[in-house]
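Asks: What follows is a predicted structure for the sequence shown.
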Amino acid sequence: MTTAPERTADLYPTRGTSEVITPRKDPVVWSRPGVEGPFAAAELSDFDRDGFFALPELLTADEVAVYRAELDRLVGDPAMRADPRSIVEPTSQAVRSVFEVHRISEVFAELVADPRVVGRARQILGSDVYVHQSRINVKPGFGASGFYWHSDFETWHAEDGLPHMRTVSVSIALTENYDTNGGLMIMPGSHRYFVGCEGATPKDNYKKSLQMQDAGTPSDEALTTMADRHGIRLFTGRAGSATWFDCNAMHGSGDNITPYPRSNVFIVFNSVENPAVEPFAAPVRRPEYIGARAPFVPVK
Ligand code: 6CS
Ligand code: FE
């Protein structure tokens with residue numbers, strides 16, 4: 001096991017004896033104004049303000065077909081199903097997610113390195129980037145469960161040891177995201193507040209949290225305060241659309257009881273200047289297929 005870089009001061013205490021909401025201490029967009037790349041300046045300032053940016057068409061229909069076929073291949077592969085990187089639905093036992101697809105699949109490795117994807121991550125993070133986590137989420141119809149409200153950074157700080165909010169996610173739709181089949185919901189502007197949650201992280205928490213998160217979820221009071229202050233935006237879009245969102249945006253998604261799957265590929269880029277150190281609030285590290293560690297390879 002490689003030794004992690006020295007742990008820095010904990011800017012975002014969480015999973016202690018009480019819940020506390022504090023202002024964000026890090027920038028949202030780390031690059032200098034006018035930085036070149038696929039995002040226009042106005043789009044970057046929208047991202048800075050809201051904590052997200054929705055692209056109606058990142059991929060063409062032909063490209064979606066390629067990635068959808070690769071998702072179906074991975075999900076249908078019995079060897080993958082037995083792999084620890086596959087997470088199944090608690091009730092139906094259908095495959096819910098497959099992690100580390102950027103390393104398992106050359107097709108998804110290409111998507112990660114696509115300039116339309118990695119170029120936007122570099123613009124937001126202001127540096128070279130590497131993949132902290134990637135996953136495909138199947139979210140099949142007829143009852144796939146959603147993800148309760150949470151900040152991804154709260155988990156990536158507490159359990160994976162990311163010191164700063166210098167991490168960005170992109171969710172790329174591989175099926176139609178209707179307003180009925182369990183779409184992503186984000187509270188606009190919530191990324192500017194950190195909710196330090198109450199309650200210690202159980203050992204091997206990830207074995208449960210990736211099916212149903214418990215540790216690191218805010219209280220009803222905190223969520224009501226955030227929702228009253230920021231509102232809630234539901235993201236819909238065609239297959240090929242993409243939502244970029246800040247690591248600390250408060251988000252979640254509902255169950256999918258329609259016949260229509262809500263499948264996506266989810267890629268998390270972290271700045272090479274923000275490498276994982278020891279977990280800030282967990283007894284052990286999570287496996288590297290969930291939270292990558294140095295020595296990592298920056299995306300070319
Ligand atoms: O724990 C994690 O890293 C994952 N959990 C959720 C609910 N969203 C972010 C991430 O994929
Ligand atoms: Fe999440």
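Replies: Everything's here; your move. Ligands and ions are numbered 1, 2, ... in the order given.
Asks: Show me the residue at the heart of the protein, geometrically.
Replies: Of all residues in the chain, the one closest to the mean position by Cα atoms, centre = their mean is residue 169, 4.8 Å from it.
Asks: Could you pull up the residues touching it?
Replies: Neighbouring residues of residue 169 by Cβ atoms under 8 Å, 6 or more residues apart in numbering: 152, 244-247, 266-269. For the C-beta atoms, the positions are set from N, CA and C on the backbone; glycine is no exception.
Asks: which residues are contacting stretch 77-84?
Replies: Contact with stretch 77-84 is made by 74, 86, 88, 95, 98, 104, 287, 289, as judged by Cβ under 8 Å, 6+ apart.
Asks: ok, back up a step: where's the residue nearest to the centre of the chain, which helix or strand?
Replies: Per DSSP states H and E: residue 169 is located in strand 167-173.
Asks: before we move on, the earlier item: how much space separates the residue nearest to the centre of the chain from ligand 1?
Replies: Between residue 169 and ligand 1 the distance is 7 Å, computed by Cβ to the nearest ligand atom, to the nearest Å.
Asks: picking up where we left off before, give me the subset of the contacts of residue 169 that lies in helices.
Replies: Using DSSP state H, the members of the contacts of residue 169 that fall within helices are residue 152.
Asks: Export the contacts of residue 169 as TSV, with columns for neighbour count and pLDDT.
Replies: Putting those into TSV (neighbours: other Cβ atoms under 10 Å; pLDDT from 0 to 100) gives the following:
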residue	neighbour count	pLDDT
152	24	98
244	24	98
245	22	98
246	28	99
247	27	98
266	19	97
267	25	98
268	23	98
269	27	98
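Asks: And the closest residue to residue 189 other than its chain neighbours, how close does it get to ligand 1?
Replies: On the basis of Cβ to Cβ, 6 or more residues apart in numbering, the spatially nearest residue to residue 189 that is not a chain neighbour turns out to be residue 230, at 4.7 Å. Residue 230 sits 19 Å away from ligand 1 when distances are taken as Cβ to the nearest ligand atom.
Asks: from memory residue 230 sits against residue 191, does it?
Replies: No. Applying Cβ atoms under 8 Å, one finds residue 230 not in contact with residue 191, separated by 9.4 Å.
Asks: rewinding a little: so which of the contacts of residue 169 belong to strands?
Replies: Among the contacts of residue 169, the members falling in strands are 244-246, 266-269 (criterion: DSSP state E).
Asks: to the chain's geometric centre, what's the distance from whichever helix or strand comes after the strand holding residue 169?
Replies: Following the chain from strand 167-173 toward its C-terminal end, the next helix or strand by DSSP H and E is strand 184-186. Averaged C-alpha coordinates place strand 184-186 at 12 Å from its chain's average position (Cα atoms, centre = their mean, to the nearest Å).
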